[in-house]
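Participant: Quick one: sequence plus predicted model below, questions after.
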Amino acid sequence: MTVESEILPGVHPEKEVLLRNSFLYRTKVIPQGERIKLCIQCGTCTGSCPLSYAMDITPRKLIALFRAGDMESILRSKSIWICASCYTCQTRCPSLIKVTDILYALKRTAMEKKLFNKNIPTYALSYSFMKCIYKYGRLNEAQLILRFYLRTGLWKIINLIPLGIKLITKRRIKLTSEKIKAINDLRKIIKKAETFELPPEKEELAYIPEAVGYKAVS
Ligand code: SF4
Ligand code: SF4
């Protein structure tokens with residue numbers, strides 16, 4: 001085995017360096033985002049997470065993989081899309097690591113690097129929602145559901161057909177909507193917002209003893 005084909009201890013392959021740099025750049029917009037390096041692997045985040053049972057890589061393991069130099073596994077994981085942003089892990093972390101905000105940074109990096117499954121329900125729902133808003137300037141429930149199931153499995157919509165017919169006949173939902181008057185202005189705002197990069201925020205990290213460990217559950 002040549003030196004080039006080996007991954008030397010402490011040396012990351014080029015792909016990992018690119019992914020890592022991109023993620024670390026995003027952590028700069030998180031106040032004290034660099035504290036990710038202070039993880040003590042205590043597992044409080046995973047133990048507190050109401051959705052860790054459904055994750056393929058738990059929050060503690062995500063940080064362990066970051067340290068180990070495996071950004072690609074993190075960015076391809078379902079966990080970053082399963083997170084419900086409840087902030088429990090973040091408020092309980094004894095090292096004051098912004099776990100939830102870091103998960104957001106991972107999501108954005110995964111999107112930027114196109115390393116995620118576009119049919120994952122969380123992404124499919126937000127994408128379908130934005131498509132409706134872009135098209136009409138308002139939400140159309142029927143279109144949202146149709147677009148969502150077109151991405152996640154059209155066959156799943158069969159069970160919803162009787163309910164959909166009832167809702168349409170009782171005029172609770174419509175198949176199409178009228179566009180709002182200022183649709184072109186709204187589209188310009190959305191296009192502009194898509195180009196924004198958030199500036200780093202200046203915020204003091206507040207330690208909340210009542211939200212940590214046993215005090216939080218007593
Ligand atoms: S709670 Fe904080 S210190 Fe503990 S494993 Fe999670 S991120 Fe690391
Ligand atoms: S913010 Fe996400 S990762 Fe953290 S505890 Fe809540 S669901 Fe779990």
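Facilitator: Nice, thanks for sending it over. Numbering: from 1, shown residues only. Ligands and ions are numbered 1, 2, ... in the order given.

Participant: What does the pLDDT read for the residue nearest the centre of the chain?
Facilitator: For the chain, residue 107 is the residue whose C-alpha lies nearest the centre (C-alpha atoms, centre = their mean; 4.1 Å). Note on residue 107: pLDDT of 89.

Participant: I'd like the distance between it and ligand 1.
Facilitator: Distance, residue 107 to ligand 1, by C-beta to the nearest ligand atom, to the nearest Å: 17 Å. (C-beta placed from N, C-alpha, C; glycine too.)

Participant: got the contact list for that residue?
Facilitator: By C-beta atoms under 8 Å, 6 or more residues apart in numbering, the contact set of residue 107 is 80, 81.

Participant: The same query, at a cut-off of 10 Å, please.
Facilitator: Going by C-beta atoms under 10 Å, 6 or more residues apart in numbering, residue 107 touches 26, 75, 80, 81, 83, 116, 122, 123.

Participant: check which helix or strand covers it.
Facilitator: helix 99-112 (DSSP states H and E).

Participant: Show me what the next helix or strand after that helix is packed up against.
Facilitator: Where DSSP H and E defines the elements, the next helix or strand beyond helix 99-112 is helix 121-136. For helix 121-136, the packing partners by 3 or more C-beta pairs under 10 Å, 6 or more residues apart in numbering; DSSP states H and E come out as helix 79-82, helix 99-112, helix 141-152, helix 183-194.

Participant: Helix 121-136 near ligand 2 at all?
Facilitator: No - residues of helix 121-136 contacting ligand 2 under C-beta under 6 Å from any ligand atom: none, with a closest distance of 11.5 Å.
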